[in-house]
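> 3D, please:
(one chain, ligands or ions: 2)
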Amino acid sequence: MLSKNKILLSKGINTKMVACLFDLDGVIVDTAKYHFLAWKRLAKEWNFELTEEQNEHLKGVSRTESLEIILKLANHHLSKEAFEKALQDKNECFLEFVNQMNESEILEGVADFLQQLKQHHITFSLASSSKNARNILQKIGLLEKFDAIIDGNDIINGKPHPEIFEKAAKTLNMNIKNCIVFEDAVAGIQAGKSAGMKVIGIGEKHILHEADIVIKNLTEISIEDLKKMIA
Ligand code: BG6
Ligand code: MG
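Ligands and ions are numbered 1, 2, ... in the order given. The predicted structure is shown next:
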């Protein structure tokens with residue numbers, strides 16, 4: 001009886017036609033705050049106080065590009081060697097936080113929502129700029145859940161370039177038009193939109209206004225909503 005209901009339900013919402021592409025930091029897990037703390041600590045060495053507002057420009061972009069942005073903001077110059085060392089220091093500091101992580105840091109609504117996607121046979125991929133993505137997923141026990149994982153090691157062009165989402169769609173064998181991106185970063189939303197996908201912003205409306213819709217967390221979206229977005 002239960003399985004019959006399930007079949008009826010999935011037929012009704014045509015879930016085979018939807019795929020979800022998730023950013024990691026700030027969408028699946030609360031690591032965005034650790035990136036901020038690590039950059040803040042580094043910038044302090046040059047007497048630069050990185051603000052939360054400035055940090056919005058770092059979200060979603062690669063480690064190297066983030067450092068370039070901070071140096072510009074701080075009006076600070078580093079030699080090639082010092083630049084490489086700064087990247088390494090930042091990552092070591094970030095990994096100190098990551099190493100303490102466990103599944104309690106999965107963001108509200110995520111575990112339930114992924115479970116619902118599985119129940120409805122909706123495929124989903126990770127699409128994160130982070131080169132630490134697999135390590136983080138392992139820490140929070142979600143590594144095996146995703147149908148595909150595309151991360152910072154798999155792309156040449158970082159967000160806002162659409163490459164990462166195009167690659168995720170291709171890996172899932174899904175049409176671009178049927179993909180829905182979940183993003184907390186302006187650069188990520190722009191990447192999803194330039195890929196021609198629907199984008200759900202996770203966070204504040206006034207920051208993420210380029211998204212198709214903005215929600216606070218994944219408790220605010222249903223499988224039915226996904227279907228309507230694609231229709
Ligand atoms: C993104 C974060 O997910 O990954 C960025 O939003 C970060 O803040 C980028 O710079 C790269 O991460 P990592 O772990 O490779 O330094
Ligand atoms: Mg993010």
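> residue 52: how many residues sit nearby?
Using other C-beta atoms under 10 Å, residue 52 has 9 other residues around it. For the C-beta atoms, the positions are set from N, CA and C on the backbone; glycine is no exception.
> an error on my part: the question was meant for residue 187.
For residue 187, the count of nearby residues is 22 (other C-beta under 10 Å).
> quick check: which element contains it?
If you go by DSSP states H and E, residue 187 is part of helix 186-194.
> give me the buried positions along that helix.
For helix 186-194, a neighbour-count test (16 or more other C-beta atoms under 10 Å) marks 186-193 as buried.
> which of those lies closest to residue 130?
residue 188 (11.6 Å; C-beta to C-beta).
> adding distance to ligand 2, write the buried residues of helix 186-194 out as JSON lines.
Output for the buried residues of helix 186-194, formatted as JSON lines (distance: C-beta to the ion, whole Å):
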{"residue": "186", "distance to ligand 2": "10"}
{"residue": "187", "distance to ligand 2": "9"}
{"residue": "188", "distance to ligand 2": "6"}
{"residue": "189", "distance to ligand 2": "10"}
{"residue": "190", "distance to ligand 2": "13"}
{"residue": "191", "distance to ligand 2": "11"}
{"residue": "192", "distance to ligand 2": "12"}
{"residue": "193", "distance to ligand 2": "15"}
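> now do stretch 140-150: distance to the chain's middle.
13 Å (C-alpha atoms, centre = their mean, to the nearest Å).
> end to end on it, go ahead and measure it.
17 Å (C-alpha to C-alpha, to the nearest Å).
> I'd like the average pLDDT over it.
In this model, stretch 140-150 has an average pLDDT of 97.
> show me what counts as buried in that stretch.
Within stretch 140-150, the residues scored as buried using 16+ other C-beta under 10 Å are 140, 142, 145-150.
> related to what we said a few turns ago, give me the helices and strands touching the helix holding residue 187, please.
helix 163-172, strand 179-183, strand 198-202 (3 or more C-beta pairs under 8 Å, 6 or more residues apart in numbering; DSSP states H and E).
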